[in-house]
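**Q** missing the sequence, but the structure's below:
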């Protein structure tokens, strides 16, 4: 009986040591990339018996932000976030910040991350709101088979890339000869806001001024719209709504400037007919559209030291195994990986896109960028699809609406 009591006493004393710390990891990975993250999580859980990572997927940005806001207010948020950078501005005050030295103690070198990706994630006193893990970036997808039919070198965009405006337009003109009636060589939808922003940056503009007090897109936006109008006149770019993916996949269209998330599916689907290259530089400023998934911690959820240490053990594991995540079709936020021979050998297609990260631009960290873009799009459509406004008229009207959103924001939060 005494032996049984001793055994039970030891068991009771050791139960707290045996209990797992459960950490909820919320991501927006509702597509095929989620399976890659699941594999990383599974390996971590197998090798860390005292910690269990639970993967919570919320794909919609709106739902993600709603769930996070509710969780923070009720102290029931996930302990770790894998959050799109442009979804962060509303929550910056609620994230635990890190000094460079603190991250170094965990084996994380924040200086290894491209400065362009860190922009907007650093506090006034030099602390970091989060740790960017990847960059989802634009690149040029093209049909090698159509290049061959048009008498073009199918490797031209890769050899010469990034193509400049003159080279790009000449390629479109050559492809026009082999493009079916009713289709277009550059087969993107004219109303895609992200492509407008990509071109806006290349033509020297931005959505807002650096202090977020005024719109900054008018002049460059006019130049972008006039450039696209010229392409429309030659039948090189759509003047009507279009579904770009199926058009490109069927071969009716030949070029898309689009997100890296398409590169793996199209390599598999199109095989040798698929080409990839850096995004063309069509304006006067070298830039490319991108975004990032950032590791961030709601501070109300990591106040307990044991929880914080478990969370950071997972964060460090993800940092060390990032190359496994890039296999999902992402480019590295870290210079040491993006420029490495290992990455080049394992993922030559992603390596090409990753060489653009040094000049990537991401959305400004203003909480209502998405709402401003949503207001700009109808004016883009009036110019490029409905033909009811000039570029000047459209951008002037869009500027007025954008200013109203900006003013409402500052009236709410104060100066």
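**A** Yep, it's here. Since the model is a prediction, treat every value here as computed from it, not as a measurement.
**Q** all strands for the stretch 251-400 of the chain, in order.
**A** For the stretch 251-400 of the chain, the strands defined by DSSP state E, counting those that start in this stretch cover 255-259, 274-277, 288-291, 293-296, 331-332, 360-361.
**Q** Ok, the stretch 1-150 of the chain next?
**A** Counting by DSSP E, counting those that start in this stretch, the strands of the stretch 1-150 of the chain are 21-27, 51-57, 80-84, 131-132, 134-143.
**Q** Could you dump those into CSV with distance to residue 292 and mean pLDDT added?
**A** The way it works is simple: take the backbone N, C-alpha and C, and place the C-beta from them, glycine included. Formatted as CSV, the strands of the stretch 1-150 of the chain follow (distance: least, C-beta to C-beta, whole Å; pLDDT from 0 to 100):
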stretch, distance to residue 292, mean pLDDT
strand 21-27, 13, 98
strand 51-57, 18, 98
strand 80-84, 8, 98
strand 131-132, 4, 98
strand 134-143, 5, 97
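**Q** quick one, which of those strands is nearest to residue 208?
**A** Of all those, strand 80-84 sits nearest to residue 208, with 18.6 Å by C-beta to C-beta.
**Q** How far does stretch 182-192 sit from its chain's centre?
**A** Distance, stretch centre to chain centre, for stretch 182-192: 22 Å (C-alpha atoms, centre = their mean, to the nearest Å).
**Q** Report the buried residues of stretch 261-278.
**A** 262-264, 266-267, 270, 273-278 (16 or more other C-beta atoms under 10 Å).
**Q** so which of the residues you listed comes closest to residue 117?
**A** Each of the buried residues of stretch 261-278 was checked against residue 117 using C-beta to C-beta; the closest is residue 278, at 17.1 Å.
**Q** quick one: contacts for the closest one?
**A** Neighbour list for residue 278: 139-140, 157, 161-162, 288, 352-353, 355-356 [criterion: C-beta atoms under 8 Å, 6 or more residues apart in numbering].
**Q** Contacts only, for the closest residue in space to residue 289 that isn't next to it in sequence.
**A** Excluding the flanking residues, the one nearest residue 289 by C-beta to C-beta, 6 or more residues apart in numbering is residue 198, at 3.6 Å. Residues near residue 198 by C-beta under 8 Å, 6+ apart: 138, 257, 279, 287-289.
**Q** likewise residue 308?
**A** Residue 308 neighbours (C-beta under 8 Å, 6+ apart): 297, 302.
**Q** roughly how far apart are it and residue 48?
**A** Separation of residue 308 from residue 48 (C-beta to C-beta, to the nearest Å): 15 Å.
**Q** Kindly tell me how buried residue 409 is, as a neighbour count.
**A** Counted with other C-beta atoms under 10 Å, residues neighbouring residue 409 total 16.
**Q** That one reaches residue 368, doesn't it?
**A** Yes. Using C-beta atoms under 8 Å, residue 409 makes contact with residue 368 at a distance of 5.9 Å.
**Q** Which residues outside stretch 379-387 are in contact with it?
**A** Residues from elsewhere that reach stretch 379-387 (C-beta under 8 Å, 6+ apart): 190-191, 193, 196, 225, 228-229, 232, 239-241, 388-391, 394-395, 397-398.
**Q** just to revisit the earlier point, quick one: secondary structure of the residue nearest to residue 289?
**A** helix (DSSP: H, G, I helix; E, B strand; the rest coil).
**Q** Give me whichever of the strands of the stretch 251-400 of the chain is most buried.
**A** The highest average neighbour count among the strands of the stretch 251-400 of the chain, using mean count of other C-beta atoms under 10 Å, belongs to strand 331-332 at a mean of 28.
**Q** And residue 230, which helix or strand is it part of?
**A** Here residue 230, judged by DSSP states H and E, is contained in helix 218-233.
**Q** Report all helices and strands that that helix contacts.
**A** On a contact count with 3 or more C-beta pairs under 8 Å, 6 or more residues apart in numbering; DSSP states H and E, helix 218-233 meets helix 165-176, helix 193-202, helix 369-384, helix 391-413.
**Q** at 7 Å what do you get?
**A** For helix 218-233, the packing partners by 3 or more C-beta pairs under 7 Å, 6 or more residues apart in numbering; DSSP states H and E come out as helix 193-202, helix 369-384, helix 391-413.
**Q** Kindly provide the distance from the most centrally placed residue in the chain to residue 136.
**A** Closest to where the C-alpha atoms of the chain average out (C-alpha atoms, centre = their mean) is residue 291, at 2.7 Å. Using C-beta to C-beta, residue 291 is found at 5 Å from residue 136.
**Q** Same question for residue 75.
**A** From residue 75 to residue 136 the distance is 31 Å (C-beta to C-beta).
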